[in-house]
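In: Coordinates only, no sequence provided:
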């Protein structure tokens, strides 16, 4: 099986400036943000198509199940997930790697959309245009489009209040009894602009460390 998972430090160039800003505007976030950029363990997909395949395969399954399915798909495609390689696989091939019938249809639509140019030049488009083009694809919603902007395009000011992990991070950060609503999370994140992506990475890491501390304390 092709090795996909590795630790990646995101937004290294922006990290010091973001921490300097938060030290002034949000000491609570500054206090929990590591001095060095957070290393996030993830599957590294070099193309926009591959990044969206990764996002779709992780929908409604655990992290580990999503990684296993993606790894089997990469192997079925001969080592690289490309649109033509996906379209060469029949439905039984795609189902055999662990895809539901719905996700089979999503991947086929994504592969064809990529060939038709939906992903062309997204790296030079503003976030709003990227989102509009991506959500035209079956299986790609606003959350997926935002994660694409954050992780693949490395846009520094992306935040999704719909993300459960980010709402849990805000709950821990602000010592709340319950997690905020998506709208409240979006409002809370405004103070972190223009580095909301970096805040998101830090909040996900805060949740990870909090869970690890609970396990270690048992």
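Out: Cool, got the structure. The model shown is predicted, which means the values in this text are computed figures rather than measured ones.
In: pLDDT of the longest helix along the chain, averaged?
Out: In the chain, ranked by residue count with DSSP state H as the criterion, the top helix is helix 196-216. Helix 196-216 shows an average pLDDT of 93 in the prediction.
In: Also stretch 146-154?
Out: Per-residue pLDDT over stretch 146-154 has a mean of 95.
In: and if you look at stretch 162-181?
Out: Rounded mean pLDDT across stretch 162-181 is 96.
In: The most centrally placed residue in the chain - nearest residue in space that isn't next to it in sequence?
Out: Centrality entry for the chain: nearest residue to the mean C-alpha point is residue 147, 3.9 Å, by C-alpha atoms, centre = their mean. Closest residue to residue 147 apart from its sequence neighbours, by C-beta to C-beta, 6 or more residues apart in numbering: residue 55 at 5.9 Å. Bear in mind the C-beta positions are built from the backbone N, C-alpha and C, glycine included.
In: need the contact list for the one you found.
Out: By C-beta atoms under 8 Å, 6 or more residues apart in numbering, the residues touching residue 55 are 140, 144, 147, 148.
In: need the strands for the chain, in chain order.
Out: According to DSSP state E, the chain carries its strands in the segments 5-9, 39-43.
In: Quick check: which of the ones you listed is buried the most?
Out: Burial among these, expressed as mean neighbours by mean count of other C-beta atoms under 10 Å, is greatest for strand 39-43, which shows a mean of 16.
In: Low-confidence ranges, the protein, go.
Out: 1-3, 216-218 (pLDDT under 70).
In: Domain parsing of it, as residue ranges.
Out: Domain assignment of the chain by automatic domain parsing yields the ranges 15-42+157-216, 46-152.
In: So for residue 116, which of the strands of the chain sits nearest?
Out: Nearest of the strands of the chain to residue 116, taken as C-beta to C-beta: strand 39-43 at 25.2 Å.
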